[in-house]
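Student: what follows is a predicted structure for the sequence shown.
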Amino acid sequence: MKKISVVCLALFIVLGSLFANGTSEVKAKDDKSIKVGLCLTQLGDNSIADQLYNGVLAAQKKYGFKLDYTECGTSDMASVMQDYTESKEYDLIILLSYHAMDAAIEMGKKYPSQKYLIYDVAVPGYEYITSESFAKNQLGFVAGVFAALMDAKGEITINGKTKTFTPSSKFGAMIGMELTSTVGAITGFYAGVHYINPGAEIQYVTVGSWTDQATAKELALTVYNNGANILFHNAGGAFLGAVEAAKTVDKFAIGYDANQNSMDATHIIASSHKQNTEVIVRFFDDFCNGIWKGGTNILNGYNNKGAKLTYQNGLSVPVDVQVIMDDVIAKIQNGDIVPPNSWDESSSFNLTYKK
């Protein structure tokens with residue numbers, strides 16, 4: 001585990017009384033600074049850990065709070081969080097995803113004045129916790145629509161170089177580990193592909209890890225060799241292996257979590273990603289101005305600029321494809337399309353695109 005302390009401009013500490021809606025307004029403490037502890041998995045995955053860290057750094061640059069952070073394995077995150085909590089040094093402790101969620105709930109009962117932000121998973125109902133989650137079903141659905149539309153074209157042009165292929169109506173969907181909090185990206189992708197192409201075949205593979213690039217590459221190669229032209233993922237850092245597979249067979253992938261287009265400017269055609277920095281800075285806009293939304297989960301998606309599809313630089317997007325993409329996003333925003341968040345919901349989702 002690695003712990004690094006970053007010291008910046010002093011601001012104010014959070015204390016205060018609760019409003020009826022779970023939001024509290026707090027006052028600054030003289031000559032004290034906000035101090036934040038961040039627990040996250042190893043950096044360098046070009047995925048959610050990096051994005052959380054970069055978002056917190058952007059907020060720190062804006063507000064000048066003190067920051068300590070620890071990179072650790074998922075199994076160590078609970079103990080790191082406990083050490084931070086028991087030190088009583090931190091006005092806010094940030095945890096990545098579900099890894100220390102249960103432990104934080106229990107620690108909060110013992111230290112009710114400690115505030116936690118749990119990122120990328122919904123944890124409502126505890127006044128000492130705010131969570132920021134994402135409409136992963138929306139992210140997956142938009143990626144699925146785009147994949148189906150581009151497969152049907154039989155060609156992809158990036159920076160003037162055109163790769164032609166036979167439309168296969170076969171697609172790859174890769175996940176690191178299937179959990180209630182992660183599967184929505186995949187069920188959304190299924191629904192998005194079938195919204196455009198009801199007869200499409202989707203090959204679904206599970207890596208069993210968020211970091212195992214070798215297994216991800218092997219699985220992706222199988223998917224591609226079975227006829228898929230495009231693969232989508234929610235596999236964390238393991239996705240790097242799938243990118244290597246795409247290079248090997250000269251096929252395509254769609255990134256997730258972060259804008260991963262820079263990982264391969266030839267084979268990643270787009271990224272369906274969370275607006276992580278914007279979401280985190282928006283949280284600190286409240287926190288550093290004395291507002292705490294304890295007990296609430298903020299769901300980030302296309303309705304509040306928490307999600308985005310970013311095309312690869314230089315990708316030629318056919319006009320008719322863009323028209324459909326704009327229409328789909330508008331329908332998600334107004335509630336006409338609610339992509340499935342689980343396999344149970346998938347069984348009753350039967351919307352198809354009508355020209």
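Tutor: Received it, and whenever you're ready, just let me know what you need. Everything numeric in this text was worked out from a predicted model, so none of it was measured.
Student: wait, P318 sits on A152?
Tutor: No - contact criterion CB atoms under 8 Å: P318 and A152 do not qualify, at 10.0 Å. The C-beta positions use only the backbone N, C-alpha and C, and glycine is treated the same way.
Student: what is the mean pLDDT for the helix or strand harbouring K163?
Tutor: Taking DSSP states H and E as the definition, K163 sits inside strand 161-164. Mean pLDDT, strand 161-164: 97.
Student: need the residues touching each of P318 and A152.
Tutor: Counting by CB atoms under 8 Å, 6 or more residues apart in numbering, P318 and A152 have no contacts in common.
Student: and the strands in the stretch 151-300 of the chain, which stretches?
Tutor: Counting by DSSP state E, counting those that start in this stretch, the stretch 151-300 of the chain has these strands, from start to end: 155-158, 161-164, 170-175, 201-206, 230-234, 252-257, 268-274, 291-293, 297-300.
Student: other residues contacting the longest one?
Tutor: So the one you mean is strand 268-274. Contacts for strand 268-274 (CB under 8 Å, 6+ apart): 48, 51, 120, 134, 139-140, 142-143, 146, 150, 156, 158, 230, 232, 243, 246, 252-261, 300, 306-312, 315.
Student: buried members of those residues into PyMOL, please.
Tutor: To isolate the buried members of these in PyMOL, using 16 or more other CB atoms under 10 Å:
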select buried, resi 48+51+120+134+139+140+142+143+146+150+156+158+230+232+243+246+252+253+254+255+256+257+258+259+260+261+300+306+307+308+309+311+312+315
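Student: shaky segments in this structure?
Tutor: Residue ranges of the chain with pLDDT under 70: 1-32.
Student: how is it partitioned into domains?
Tutor: The chain breaks down by automatic domain parsing into domains covering 2-135+276-300, 136-273+309-346.
Student: JSON lines for those domains, including distance to K354?
Tutor: As requested, these are arranged in JSON lines below (distance: least, CB to CB, whole Å):
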{"stretch": "domain 2-135+276-300", "distance to K354": "23"}
{"stretch": "domain 136-273+309-346", "distance to K354": "10"}
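Student: helices of the stretch 101-250 of the chain, residue ranges please.
Tutor: Using DSSP state H, counting those that start in this stretch, the helices of the stretch 101-250 of the chain run over residues 101-110, 136-153, 184-196, 213-225, 239-249.
Student: these into JSON lines, with extra columns for distance to D76?
Tutor: Shown next, in JSON lines, are those (distance: least, CB to CB, whole Å):
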{"stretch": "helix 101-110", "distance to D76": "11"}
{"stretch": "helix 136-153", "distance to D76": "25"}
{"stretch": "helix 184-196", "distance to D76": "26"}
{"stretch": "helix 213-225", "distance to D76": "21"}
{"stretch": "helix 239-249", "distance to D76": "22"}
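Student: which of those sits closest to Q203?
Tutor: With CB to CB as the criterion, Q203 lies closest to helix 213-225 of those, at 4.8 Å.
Student: now the closest one against strand 230-234, angle please.
Tutor: In terms of direction (axes from the mean of the first three to the mean of the last three CA atoms, to 10 degrees), helix 213-225 departs from strand 230-234 by 150 degrees.
Student: tell me the bridge partners for the residue nearest in space to the middle of the chain.
Tutor: Taking CA atoms, centre = their mean, the centroid of the chain lies closest to D257, which sits 3.7 Å from it. Beta-bridge pairing for D257 (DSSP bridges): H273.
Student: what residues are up against it?
Tutor: 47-48, 51, 234, 236, 273-274.
Student: from those residues, which is closest to M174?
Tutor: Distance to M174 across the contacts of D257 (CB to CB) is lowest for N234, with 7.4 Å.
Student: now that closest one, nearest residue through space, not along the chain?
Tutor: Nearest non-adjacent residue to N234, counting by CB to CB, 6 or more residues apart in numbering: A185, 3.9 Å away.
Student: who are the neighbours in contact with that neighbour?
Tutor: So A185 contacts 136-137, 139-140, 175, 234, 256 (CB under 8 Å, 6+ apart).
Student: could you dump these into a markdown table and include distance to T166?
Tutor: What follows is the contacts of A185, written out as a markdown table (distance: CB to CB, whole Å):
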| residue | distance to T166 |
| --- | --- |
| K136 | 31 |
| N137 | 30 |
| L139 | 28 |
| G140 | 25 |
| I175 | 27 |
| N234 | 27 |
| Y256 | 26 |
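Student: which of the residues you listed sits closest to K331?
Tutor: N137 (13.6 Å).
Student: isn't Q333 up against G306?
Tutor: No - using CB under 8 Å as the test, Q333 is too far from G306 to be in contact (11.6 Å).
Student: not including adjacent chain positions, what is the nearest residue to Y63?
Tutor: Nearest residue to Y63, sequence neighbours excluded (CB to CB, 6+ apart): C288, at 4.3 Å.
Student: actually Y204, sorry about that
Tutor: Per CB to CB, 6+ apart, closest to Y204 is A173, 4.8 Å.
Student: so what's the residue count around N226?
Tutor: Around N226 there are 12 other residues, counting by other CB atoms under 10 Å.
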